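Asks: next come a sequence and a model predicted from it.
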Amino acid sequence: MEKVVLVTGANSGIGLALCERLLTEDGQLRLCLACRNTQRGEAARSALLTSHSNAHVDLLHLDVGSVQSVLAAAQEVKARYNRIDFLYLNAGIMPNPHIDLKAFFRGLFSRNVINMFATAEGLLTQQDQLNSDGLQEVFATNLFGHFLLIRELEPLVCRAGHTSRVVWTSSSNARRSAFSIEDLQHRDGSEPYSSSKYASDMLSLALNRHKNSQGLFSSVICPGLVMTNLTYGILPSFFWTLILPIMWLIRIFTNTFTLTPHNGAEALHWLFGQNPESLDPRAKYHSLTSGLGTNYTQARQMDIDEEMAEVLYSKLLELERVVRKKE
Ligand SMILES: NC(=O)C1=CN([C@@H]2O[C@H](COP(=O)(O)OP(=O)(O)OC[C@H]3O[C@@H](n4cnc5c(N)ncnc54)[C@H](OP(=O)(O)O)[C@@H]3O)[C@@H](O)[C@H]2O)C=CC1
Ligand SMILES: CC(C)CCC[C@@H](C)[C@H]1CC[C@H]2C3=C(CC[C@]12C)[C@@]1(C)CCC(=O)[C@@H](C)[C@@H]1CC3
């Protein structure tokens, strides 16, 4: 039976590389590229069909940062497919990033240097804003839109006798200290990206608790540091090109510098071949690349408070009720 796979943010970076790898692995797939920009989505679809001419690749218009778009896209998905086997929740943003250079140079000469390069802890802040639904944009895009999508697609992913999978592209930048259960949307802080990624880690755990019995299994991954539009938004591209040799050198000391989207998609691709019952719901699966360029996936335990994950889940359900009422 052909598998149905939906990928959000599929038109570039890690999402597009994942699609390429999945089609190479399984030519029978029905792949749905969920993109907010139809032109960029069409370009990605054409590129995939150039290398996999017999593949089934569909396009879906989806802006995960907009409640109305998520509801409309979910209706469309329900009309097109009768089940979803894999839901890759990969779309993500980090708007207006700012690097604390002082912290960077301090970190460079500290014992924490490897961790700094792997997680960017203490280095990055962002400026967030409200979107047209009155939600914080980073929270709405990286977390809530995806949550709403899962809720809408429950008839396709929670089916008796059938297993479906949700995979979140999280980050090693996800940090407990950046998240507050009193301020889910991170209105008052300056690390909305870290907060939203930590929330996705918790939500994955809560989804497993609530939905495993209905056949839905959730996992989180970190792709490592990958050169994509997201990272090109942090520093100008000429700077990245300039320091690229240094980055390849750093790879000798840290396996988290995966650098290419193909390498970054390693854990996403690896999960595709795994039996969900064999996975650890408390683990984050990291894409890693050795100094010699070998890719592999490693499970690392997440720092998660199960009680807080439950509170987050119920708060998201409550917010869902509020936005549905508005719609
Ligand atoms: N690059 C890295 O080092 C790391 C990335 N990640 C995560 O990986 C994921 C993919 O990012 P990456 O490939 O790096 O960056 P890209 O910017 O290349 O990809 C992000 C994708 O998400 C899409 N997207 C953004 N906002 C929305 C929206 N509102 N609705 C629908 N799609 C949207 C983008 O579409 P569009 O082209 O229209 O903008 C794009 O296709 C993100 O979740 C990111 O947080 C995690 C750790 C490290
Ligand atoms: C390598 C150079 C000489 C200097 C580069 C310094 C920083 C720009 C990078 C060091 C660690 C990087 C990093 C990220 C962004 C760029 C750095 C801060 C991320 C936050 C990108 C998005 C993610 O989700 C994380 C996993 C990355 C962690 C490391």
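Replies: All right, it came through fine. Ligands and ions are numbered 1, 2, ... in the order given.

Asks: S314: what secondary structure?
Replies: Here S314 is recorded as helix under DSSP: H, G, I helix; E, B strand; the rest coil.

Asks: give me the neighbour count for it.
Replies: Counted with other C-beta atoms under 10 Å, the neighbours of S314 add up to 10. Every C-beta, even on glycine, is put in place using the N, C-alpha and C of the backbone.

Asks: got the confidence number for it?
Replies: At S314, the model reports a pLDDT of 98.

Asks: one more: the one 10 residues further on?
Replies: What the model reports for R324 is a pLDDT of 95.

Asks: what of F117?
Replies: For F117, the predicted pLDDT is 92.

Asks: what sits up against stretch 128-140?
Replies: For stretch 128-140, contacts defined as C-beta atoms under 8 Å, 6 or more residues apart in numbering pick out 64-68, 93-96, 126, 144, 184-187, 192-193, 195-196, 199, 323, 326.

Asks: do that stretch and ligand 1 come into contact?
Replies: No. Stretch 128-140 stays out of contact with ligand 1 when judged by C-beta under 6 Å from any ligand atom, the minimum separation being 7.8 Å.

Asks: please shift the residue numbers so they start at 509 in all later answers.
Replies: Will do, 509 is the new start, and the previous item becomes stretch 636-648.

Asks: ends of that stretch, how far apart?
Replies: 11 Å (C-alpha to C-alpha, to the nearest Å).

Asks: now that stretch: buried residues?
Replies: Within stretch 636-648, the residues scored as buried using 16 or more other C-beta atoms under 10 Å are 636, 639, 641, 643-648.

Asks: show me where this structure has helices.
Replies: 521-533, 546-559, 575-588, 609-616, 621-627, 645-647, 653-660, 662-665, 700-719, 737-740, 745-758, 769-772, 774-780, 814-834 (DSSP state H).

Asks: the second one packs against which elements?
Replies: Looking back up the chat, that one is helix 546-559. Here helix 546-559 touches helix 521-533, strand 538-543, strand 564-569, going by 3 or more C-beta pairs under 8 Å, 6 or more residues apart in numbering; DSSP states H and E.

Asks: thinking again about what came up before, in CSV: the buried residues of stretch 636-648, plus pLDDT.
Replies: Formatted as CSV, the buried residues of stretch 636-648 follow (pLDDT from 0 to 100):
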residue, pLDDT
D636, 97
N639, 97
D641, 97
L643, 98
Q644, 98
E645, 98
V646, 98
F647, 98
A648, 98
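
Asks: which among these are in contact with ligand 2?
Replies: Answer for the buried residues of stretch 636-648 near ligand 2: none qualify (C-beta under 6 Å from any ligand atom).
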